[in-house]
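Just the structure for this:
(chains A and B)
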Amino acid sequence: MDQNRAPIYEALETFRRMRIVPFDVPGHKHGRGNPELTAFLGERCVSVDVNSMKPLDNLCHPISVIREAEMLAAEAFGAANAFLMVGGTTSSVQSMVLAACKRGDEIILPRNVHRSVINALVLCGAVPVYVNPEVDRRLGISLGMERAQIEKAIREHPKAVAILVNNPTYYGICSDLRAIVKMAHEAGMLCLVDEAHGTHFYFGENLPVSAMAAGADMAAVSMHKSGGSLTQSSLLLTGERVLAGHVRQIINLTQTTSGSYLLMSSLDISRRNLVLRGRETFAQVVQMAEYAREEINDIGGYCAFGRELINGGSVYDFDTTKLSVHTRDIGLAGIEVYDLLRDEYGIQIEFGDIGNILAYLSMGDRKQEVERLVSALTEIRRRYQRDPRDLMSQEYIDPVVVTSPQEAFYAAKKSVPIRDSEGMVCSEFVMCYPPGIPILAPGERVTKAILDYIEYAREKGCSLTGPEDPEIWRLNVLA
Amino acid sequence: MELWFSEYHTPDVQHSIRVNRHLYSGRSACQQIDVFDTPEFGRVLALDGSVMLTERDEFIYDEMVTHVPMAVHPEIHDVLVIGSGDGGVVKELTRYDRVERIDLVEMDPQVIEICRAYLPDNASRLDDERVHISFEDALRFVRRCHKEYDLIIVDSMDPFGPSEGLFTKEFYGNCYHALKSDGILITQQGSLFYRQDAEAMQRSHKRIIETFPISKIYQAHIPTYAAGYWLFGFSSKKYHPIKDLDAKAWRELGLETQYYTPKLHVGSFYLPAFLEQKLREVEGVDEE
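Below is the predicted model:
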């Protein structure tokens, strides 16, 4: 196929020239009805915020330009099929899980999954089998899935239908994806990959293996992260073993029937850009990240970690575009450095957790901003450094699954003060942002370690979300 | 035929200079560089379409960033100059015998080359043996220095282009650290007349006063800059720009200047009322 083409973008350009009179939705009618919005977003932008129609195809049942764009994307990513998604990678992840599991099925997954995965389990009624990810003691981050752990999970749960892998993790840690795919297939399971942070693996050189190249059956790819498309646009990729028609039906269960052409055209144009220029682009991003790592490690105190973590198992590979920095040795929690960077230096980074920060580098970055980041970190160390001893390290807390997320979510429940909830079964999520990994999921027992962690994260200024009580002083538990 | 070079001082205000000849136009890795020959201002250097200097009025700028700190701090030996690839500031500094070392950090080697070729008088002292030129990002250079300099002069463009990093708190903090315990930092503070410039100026002034114990603003009249005048920041760990001015000692040096005088030195720190008001908004206290 001709990867220079961008069928949705081209159709929109043609549509614009045809000067069609709109007696359909959206009601702003190419922006005329909402001059303030048009002034803010620009006339060109709102004029292509249009509805599905014959020349522009329909996302629910694509047969022309959207279908072509999906086929081009499939070819570009080495997938059998690709689906344009407009509900964020959350919807890609959920469609992937819903396509693989049904009520009562077991699915093997690491605890450090995105909340969208457990939400999908609430929707479909599948039961999680958590594989305990190894934690790097010093950095306090969860690592990848080890082959031995997966073997054990398969042995103990031979009827599980799928294995889900985070690859790479937010921090850039990769598992041995090829081996995991092989193990899954030998056990008759599907291998699903949450590849939200790995779009660039398909286009850059010397980067970890991508899900499709490793033979995975489905992958959720956040085009709007490293791929450069608009926020909320995403791709779901599938392999040969997965029936495309079934996946389409699953997507249509929850996806809007008014897919945004702004999002779809951004996917189309970004795919083309990645194919044509991805290699050089990501070589530059890697170079910039490596430079930043060297400079940050030169400051002293900080540890900007990279490929040296690779150990053949829990860190099988590392995504060198990721710039994660361990901050505990200067006596500051990652979240504190995150706040200082924004409040004192006007620099917004992706997240800070208990012990680390992550600065997201991408195709849009320039050297001069990297210099600012490094200089600000130099200043933060000089001005705010303190004794690291009183910092708690981020421990992995083994979840105790008592019942399926769906059962717990819909069961009869009562609200209790959180400090009195020890030993009870939680019926809602408790998430800590950053990094957005569940501390508690529906159906899990509340333990002392969990309560201590929540208390500590609250004190450090992490944003805690999930429960009905927004302040999280109370928790819903099974009655 | 009429040929004019126009620069937008704001989206709604334009400043135009008639051009005899467009002597050079080229793109470096960092920016667009142009040199014009003009009847009123002589040769004009423009970076990314903004006037950096003109032969006619650049003495004002060079003298004001140099002689003000030199007349206050009697022991300036080690100087760091950031930006200023045209060499004008360096030229003024080399007139002082007590200056032993001038480190010039310029991001863009091509600026220096073009200035050597088209503004030879300005660039004439770049080969002085006290001058050491480094081509790198100033932020990177400064964060490695610790108590090395008596004076840092930041000769940057406006805070919306490639020089944005030189108006940040991290940069001022790194400069503080790079200065000796009685060091002085001279910065660009742009103009306060137009609104968007005023906001940028207030922001950077706030960052400086959070970093240095003494931070004063002074002004000069520069015809080719936005609104016709320009503000500089005098930030210091020890010396006060007026109380510690030693006019007698400076006069005894016998340096000939066209703009700077010790009297004007004092006067330049007295600001118009609207400007004082803007500064009070960020300083939060009414002083003096």
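
Domain-wise, how is chain B divided?
B:4-54, B:58-283 (automatic domain parsing).

Nearest to chain A among those would be which one?
Among the domains of chain B, the nearest to chain A by CB to the nearest CB is domain B:58-283 (4.0 Å). The C-beta positions use only the backbone N, C-alpha and C, and glycine is treated the same way.

pLDDT score for residue 163?
With no chain named, the answer covers chain A. On the pLDDT scale, A:Ile163 is placed at 97.

was after chain B, sorry
With respect to pLDDT, B:Ser163 has a value of 79.

That one reaches B:Ser84, doesn't it?
No - counting by CB atoms under 8 Å, B:Ser163 does not reach B:Ser84; the two are 11.3 Å apart.

higher neighbour count, those two?
B:Ser84 (26 against 22; other CB atoms under 10 Å in any protein chain shown).

Can you name the residues that contact that one?
B:Val90, B:Leu104, B:Glu106, B:Ile153, B:Asp155 (CB atoms under 8 Å, 6 or more residues apart in numbering or on different chains).

count of neighbours near the fourth one?
Burial of B:Ile153, expressed as a neighbour count using other CB under 10 Å, amounts to 28.

need the contact list for it.
Here B:Ile153 is in contact with B:Val65, B:Thr66, B:Pro69, B:Val79, B:Leu80, B:Val81, B:Ile82, B:Ser84, B:Val89, B:Ile186 (CB under 8 Å, 6+ apart).

a strand runs through it, doesn't it?
Yes - the assignment for B:Ile153 by DSSP: H, G, I helix; E, B strand; the rest coil puts it in a strand.

Phi, psi for B:Leu45 please.
Here is the backbone geometry of B:Leu45 (degrees, to the nearest 10): phi -100, psi 130.

I figured A:Gly198 was touching A:Pro208, is that so?
Yes - A:Gly198 is within contact range of A:Pro208, at 7.5 Å (criterion: CB under 8 Å).

Give me the more crowded residue out of these two.
Remark: of A:Gly198 and A:Pro208, A:Gly198 carries more neighbours, 30 against 22, as counted by other CB under 10 Å.

Leaving out the residues flanking it, which one is nearest to that one?
A:Pro168 (5.4 Å; CB to CB, 6 or more residues apart in numbering or on different chains).

Spit out the contact partners of the one you found.
Applying CB under 8 Å, 6+ apart, the residues near A:Pro168 are A:Cys174, A:Glu195, A:His197, A:Gly198, A:Phe201, A:Pro208, A:Asp317, A:Phe318, A:Asp319, A:Lys322.

Nearest to chain B, out of these: which one, please.
A:Lys322 (21.8 Å).

Quick check: beta-bridge partners of the residue lying closest to A:Val425 once chain neighbours are set aside?
Distances taken as CB to CB, 6+ apart place A:Leu478 nearest to A:Val425, at 4.3 Å, with adjacent residues excluded. Under DSSP bridges, the beta-bridge partners of A:Leu478 are A:Lys413.

I'd like the average pLDDT over stretch A:85-94.
96.

Same list (the contacts of B:Ser84) but as a markdown table, adding distance to A:Glu294 and pLDDT.
Shown next, in a markdown table, are those (distance: CB to CB, whole Å; pLDDT from 0 to 100):
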| residue | distance to A:Glu294 | pLDDT |
| --- | --- | --- |
| B:Val90 | 31 | 94 |
| B:Leu104 | 25 | 95 |
| B:Glu106 | 23 | 91 |
| B:Ile153 | 29 | 96 |
| B:Asp155 | 29 | 88 |
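
State the pair within the residues you listed that is farthest apart.
Using CB to CB, these span at most 12.6 Å, a distance reached by B:Glu106 and B:Ile153.

which residues touch B:Phe77?
Check again: residue B:77 is His, not Phe. B:Arg98, B:Val99, B:Glu100, B:Arg101, B:Asp150.

So which of those residues is the closest to A:Ala73?
Set against A:Ala73, the nearest of the contacts of B:His77 by CB to CB is B:Arg101 (58.4 Å).

In a helix, A:Pro399, correct?
No - counting by three-state DSSP, A:Pro399 is not part of a helix but coil.

list the contacts for it?
Contacts of A:Pro399 (CB under 8 Å, 6+ apart): A:Arg111, A:Tyr130, A:Pro438, A:Leu440, A:Ala441, A:Glu444.

picking up where we left off before, quick check: neighbours shared by B:Ser163 and B:Ser84?
Counting by CB under 8 Å, 6+ apart, B:Ser163 and B:Ser84 have no contacts in common.

which SS class is A:Ala213?
Under three-state DSSP, A:Ala213 comes out as coil.

Identify the residue nearest it in space, chain neighbours excluded?
Here the residue nearest A:Ala213, using CB to CB, 6+ apart, is A:Gly78, at 6.0 Å.

Count the residues that sit near that neighbour.
14.

Same question for A:Gly364.
For A:Gly364, using other CB under 10 Å, the count is 10.

now B:Leu45
B:Leu45: 26 neighbours (other CB under 10 Å).

That one contacts B:Gln32, doesn't it?
No - using CB under 8 Å, B:Leu45 makes no contact with B:Gln32, being 11.5 Å away.

show me what contacts residue 10?
Picking chain A for this. A:Val65.

my bad, chain B
Residues B:Tyr194, B:Arg195, B:Gln196, B:Asp197, B:Ala226 are the ones in contact with B:Thr10 under the rule CB under 8 Å, 6+ apart.

and A:Leu323, what are its phi and psi?
phi -110, psi 90.

meant to ask about B:Arg21
phi -150, psi 140.

ok, and the closest non-adjacent residue to it?
B:Asp37 (4.5 Å).

what does A:Pro388 give?
A:Gly331 (4.2 Å).

Please enumerate the strands of the stretch 101-250 of chain B.
B:101-105, B:131-134, B:149-155, B:179-190, B:214-221, B:229-236 (DSSP state E, counting those that start in this stretch).

hang on, A:Glu344 in a strand?
No - A:Glu344: not assigned to a strand; according to three-state DSSP it is helix.

Mind pulling up the pLDDT for it?
At A:Glu344, pLDDT is 91.

Test my guess that it contacts B:Gly173.
No - counting by CB under 8 Å, A:Glu344 sits too far from B:Gly173 to count as a contact (9.3 Å).

Write out the residues of the stretch 201-350 of chain A neighbouring chain B.
A:Glu295, A:Ile299, A:Glu344, A:Tyr345, A:Gly346 (CB under 8 Å from any CB of the partner chain).

Can you turn the buried part of those into a PyMOL selection?
Of those, the buried ones can be selected in PyMOL as follows, counting by 16 or more other CB atoms under 10 Å in any protein chain shown:
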select buried, chain A and resi 295+299+344+345
